[in-house]
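Asker: below: sequence and its predicted model.
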Amino acid sequence: MVDPARHSSLGGALEESFLKWSHEICLVESDRGREVARLTFEDVRARAHAFAAFLEAASFGGGDRAAIILTNQSKWHIAACAILHRGGVLIPLDAKLSAVEQLELLDHCRPSVLVIEDHLWRALSKARGAYRLPERIVVIGSRDAAQGAVHWDDAQRDGAPELVMRARSDAACIVYSSGTAGRPKGCVLTHENYLEQLAALLELHPFSPGVRYLSILPTNHAIDFMVGFLGPYLCGATVVHLRAIRPELVREAFVTHRITHVALVPSILKNLEIALRARIAGLPRSKRIAFALARRALKIASRGRPNARLGRKMLSPIHEAFGGALEAIFIGGAPADASMLRFFHDLGIPVANGYGLTEAGTAVTLDRNDPPNPETVGTPLPGVEIRIRNSGPDGVGEVEVRSKTVMSGYLDDPELTRETIVDGWLRTGDLGALDHSGHLRIIGRTKNMIVTAGGKNVYPEDVERAFAGIPVQDACVIAAHVLSPPGTRDERLLLVIGLGPGGASVDEVRRAARLRNHSLPEARRVRGMIVVREHFPRTASLKVKRDELVEHLRQTVDLQRDVVDLREP
């Protein structure tokens, strides 16, 4: 492993890794099941240097900003390495945002260079209007789309570009927090933020040559940027990029590339759970019994701790479906259902559940699984302090974080920075509680908390967990008063569900929801259900955009007509 403590900047750390692991496979790119690139660390270094030489010729250097808007592919990593090699500030933007949203963020951060995919450049050019564009645009893909820009193939230069070193306190990236809308929130993350985060994560989960990480999340996502880019690179591990992430292609990739590690958001892991449960349920009765006995024996042999080595021996068919080499799944970005985590742990598949946010550099806590504590998001990473602010009798209050991984501030927004980082403590806006062993339980967002007519605090995310597993595509809890006419106060909690294509009927969902609802305390029971046919709006990390969903409901839902009663018949 390249020791992050020995470096002042990411560019220097990456350069050492390229030289140290030169002949190891660094990056594999797969497009619809067909391998289109297999690059060693030396290959990536040479290509990154060629683009860095172009940047150097364009007078791009220390502190200059460059944005990337690309889907997962080898050139994402190559461009990022080149930018960091030249001491630039990297701005990874979400390729799934609309062209106008991307233009607004570009206008806010003002990069001098933009690396963008051909179809995205077409959309950006069409929507440009009065927005400012970076001075240099580099387009990847069709040459026909590169009008008014430089094609990637022409942005390569021979020679050895100068490695521009940066101080630990200098900005390395500007990352727009998930769900950014209206007031842009560009988190300025320093080289120290990333190097300290890498040191903490690699202490708990050291990578090495032979590790094969499957990159499913977009690389601009904070989790994949850290665990699927910087982490593997500094350890000589291999990253497998999938250009298309259809379920059958993901399953195929696990087997073809014998994947050892992957990072997912909970909704993707839930889909894997559903598929596995269906596969198990489809076994003949004798095999189902044998499987249940083997799973129970595994749990006893592993003493309740997920053990991949034992799992491969005792539940080999399940593990072979994942390629037979899987060591760990990392999840974060949204709340995870504890029963789902226990399901995978009982199969001998370690799932490291964590909590983090962009403002804290990515991860804040991680469950060590020793033993697993799936009702929580684990304990703080090395070097991270957590405290609960203004906690109530139940111990719930706002989570605050102090660490060398906390951002330096929001870009060009000192007021918001002062409100968010107070006396060195990052105010997360998340509600949580710490148990006696230091495990953190996340309850919900402060802004989402609902105070009932009886004065009870209800956290929608907490209620939603009770409905995990009902046969729907999406589920979200809101207070009815947000849809009520001005001047009225409807205190009901409502369950908003998206059925999804080919799903269960409304009556089937109502019956399942009623059973779950009955298990909740009276103050947290939902009083009705609203059916939505469209997909819920979501962020890059697949969190529901509640404000957008509520606005849609305001325009389309009549509370008197469209609420399905969930009371007992």
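Answerer: That came through fine. On a predicted model such as this, the values are computed, not experimentally measured, just so you know.
Asker: only C-alpha atoms from now on, for both contacts and neighbour counts.
Answerer: Noted.
Asker: the strands in the stretch 201-350 of the chain, which residues?
Answerer: 212-215, 238-242, 261-264, 328-331 (DSSP state E, counting those that start in this stretch).
Asker: format those as JSON lines; extra columns: distance to H552 and mean pLDDT.
Answerer: As requested, the strands of the stretch 201-350 of the chain are exported to JSON lines (distance: least, Cα to Cα, whole Å; pLDDT from 0 to 100):
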{"stretch": "strand 212-215", "distance to H552": "33", "mean pLDDT": "96"}
{"stretch": "strand 238-242", "distance to H552": "33", "mean pLDDT": "95"}
{"stretch": "strand 261-264", "distance to H552": "28", "mean pLDDT": "94"}
{"stretch": "strand 328-331", "distance to H552": "29", "mean pLDDT": "94"}
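Asker: tally of neighbours for E16?
Answerer: Neighbours of E16 under the rule other Cα atoms under 10 Å: 17.
Asker: now do the contacts for it.
Answerer: For E16, the contact set (Cα atoms under 8 Å, 6 or more residues apart in numbering) comprises V2.
Asker: just to revisit the earlier point, take the strands of the stretch 201-350 of the chain and lay them out in JSON lines including mean neighbour count.
Answerer: Formatted as JSON lines, these follow (neighbours: other Cα atoms under 10 Å):
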{"stretch": "strand 212-215", "mean neighbour count": "28"}
{"stretch": "strand 238-242", "mean neighbour count": "28"}
{"stretch": "strand 261-264", "mean neighbour count": "22"}
{"stretch": "strand 328-331", "mean neighbour count": "21"}
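Asker: now tabulate those in a markdown table and tack on distance to I443.
Answerer: Output for those, formatted as a markdown table (distance: least, Cα to Cα, whole Å):
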| stretch | distance to I443 |
| --- | --- |
| strand 212-215 | 29 |
| strand 238-242 | 33 |
| strand 261-264 | 21 |
| strand 328-331 | 17 |
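Asker: of all the ones you listed, which one is nearest L14?
Answerer: With Cα to Cα as the measure, strand 238-242 is the member of the strands of the stretch 201-350 of the chain nearest L14 (14.2 Å).
Asker: who does the closest one pair up with?
Answerer: Here strand 238-242 has these sheet partners by DSSP bridges: strand 25-31 (parallel), strand 212-215 (parallel).
Asker: could you export it as PDB, CA atoms only?
Answerer: The C-alpha coordinates for strand 238-242 follow below in PDB (Å, rounded to 0.1, in the frame of the first residue of the first chain):
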ATOM      1  CA  THR A 238      -8.100  -3.700  -9.900                       C
ATOM      2  CA  VAL A 239     -11.200  -1.700 -10.700                       C
ATOM      3  CA  VAL A 240     -13.800  -3.200 -13.000                       C
ATOM      4  CA  HIS A 241     -16.000  -0.500 -14.600                       C
ATOM      5  CA  LEU A 242     -19.400  -1.500 -16.000                       C
END
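Asker: and that strand, how far out from the chain middle?
Answerer: How far strand 238-242 lies from its chain's middle: 16 Å, per Cα atoms, centre = their mean, to the nearest Å.
Asker: can you offset everything so residue one is 887?
Answerer: With 887 as the first residue, the last one maps to strand 1124-1128.
Asker: what does that strand rub up against?
Answerer: Contacts for strand 1124-1128 (Cα under 8 Å, 6+ apart): 911-918, 958-960, 1095-1102, 1114-1115, 1118, 1136, 1143.
Asker: filter the residues you listed to the buried ones?
Answerer: Burial by neighbour count, judged by 16 or more other Cα atoms under 10 Å, picks out 911-916, 918, 958-960, 1095, 1097-1102, 1114-1115, 1118, 1136, 1143 from these.
Asker: report the secondary structure state of L1381.
Answerer: Recorded secondary structure, L1381: strand (DSSP: H, G, I helix; E, B strand; the rest coil).
Asker: tell me what it is bridged to.
Answerer: The partner residues for L1381, given DSSP bridges, come to V1363, M1415.
Asker: now do G1295
Answerer: In beta-bridge terms (that is, DSSP bridges), G1295 pairs with V1074.
Asker: now do the longest strand seen in the chain, average pLDDT.
Answerer: Criterion DSSP state E: the longest strand present in the chain is strand 1311-1320. Strand 1311-1320 shows an average pLDDT of 95 in the prediction.
Asker: same check, this time on stretch 1384-1394
Answerer: Taken as a whole, stretch 1384-1394 has an average pLDDT of 79.
Asker: hmm, who's touching it?
Answerer: 1357-1361, 1417-1422.
Asker: ok, 7 Å please
Answerer: 1357-1361, 1417-1421 (Cα atoms under 7 Å, 6 or more residues apart in numbering).
Asker: cool, and stretch 1305-1325?
Answerer: Under Cα under 7 Å, 6+ apart, the answer for stretch 1305-1325 is 1262-1265, 1274, 1281-1288, 1326-1332.
Asker: list buried members of those by neighbour count.
Answerer: Here, 16+ other Cα under 10 Å leaves 1262-1265, 1274, 1282-1288, 1326-1332 buried among the contacts of stretch 1305-1325.
Asker: poorly predicted segments of the protein, please.
Answerer: Under the criterion pLDDT under 70, the flagged ranges of the chain are 1064-1068, 1338-1341, 1372-1375, 1387-1389, 1426-1428, 1454-1455.
Asker: show me the domain layout of it.
Answerer: Listed by automatic domain parsing, the domain ranges of the chain are 890-1142, 1236-1330, 1335-1451.
Asker: and those: which comes nearest S1188?
Answerer: Per Cα to Cα, nearest to S1188 of those: domain 1236-1330, 10.3 Å.
Asker: identify the residue spatially nearest to T1251, adjacent ones excluded.
Answerer: P1266 (4.1 Å; Cα to Cα, 6 or more residues apart in numbering).
Asker: same question but for L1103, I mixed them up
Answerer: D1110 (6.0 Å).
Asker: just to revisit the earlier point, got TSV for the strands paired with strand 1124-1128, with distance to E1213 too?
Answerer: TSV is the format used below for the strands paired with strand 1124-1128 (distance: least, Cα to Cα, whole Å):
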stretch	distance to E1213
strand 911-917	19
strand 1098-1101	10
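Asker: not counting sequence-adjacent ones, nearest residue to V1430?
Answerer: Leaving aside its chain neighbours, V1430 sits nearest to R1424 (4.5 Å; criterion: Cα to Cα, 6+ apart).
Asker: what's the burial count for the one you found?
Answerer: R1424, neighbours per other Cα under 10 Å, totals 15.
Asker: now swap in P1268 and tell me
Answerer: Around P1268 there are 16 residues (other Cα under 10 Å).
Asker: OK, contacts around it?
Answerer: A1086.
Asker: what comes up buried for the helix or strand encompassing L1084?
Answerer: Using DSSP states H and E, L1084 falls within helix 1077-1090. Neighbour-count burial for helix 1077-1090 flags 1077-1088 (criterion: 16+ other Cα under 10 Å).
Asker: over to stretch 980-992?
Answerer: 980-981, 985-992.
Asker: okay, those residues in TSV with distance to A1222 next?
Answerer: Below are the buried residues of stretch 980-992 laid out as TSV (distance: Cα to Cα, whole Å):
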residue	distance to A1222
D980	23
A981	25
A985	31
V986	32
E987	29
Q988	29
L989	33
E990	32
L991	30
L992	33
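Asker: nearest to P1346, of these?
Answerer: Closest to P1346, out of all of those and judged by Cα to Cα, is D980, at 27.3 Å.
Asker: what sits up against whichever strand or helix holds A1058?
Answerer: Using DSSP H and E, A1058 falls within strand 1057-1062. If you take Cα under 7 Å, 6+ apart as the criterion, strand 1057-1062 is touched by 975-978, 1071-1077.
Asker: go on, stretch 964-982?
Answerer: Under Cα under 7 Å, 6+ apart, the answer for stretch 964-982 is 896-897, 930, 933-935, 937-938, 947-957, 1049-1052, 1057-1061, 1106.
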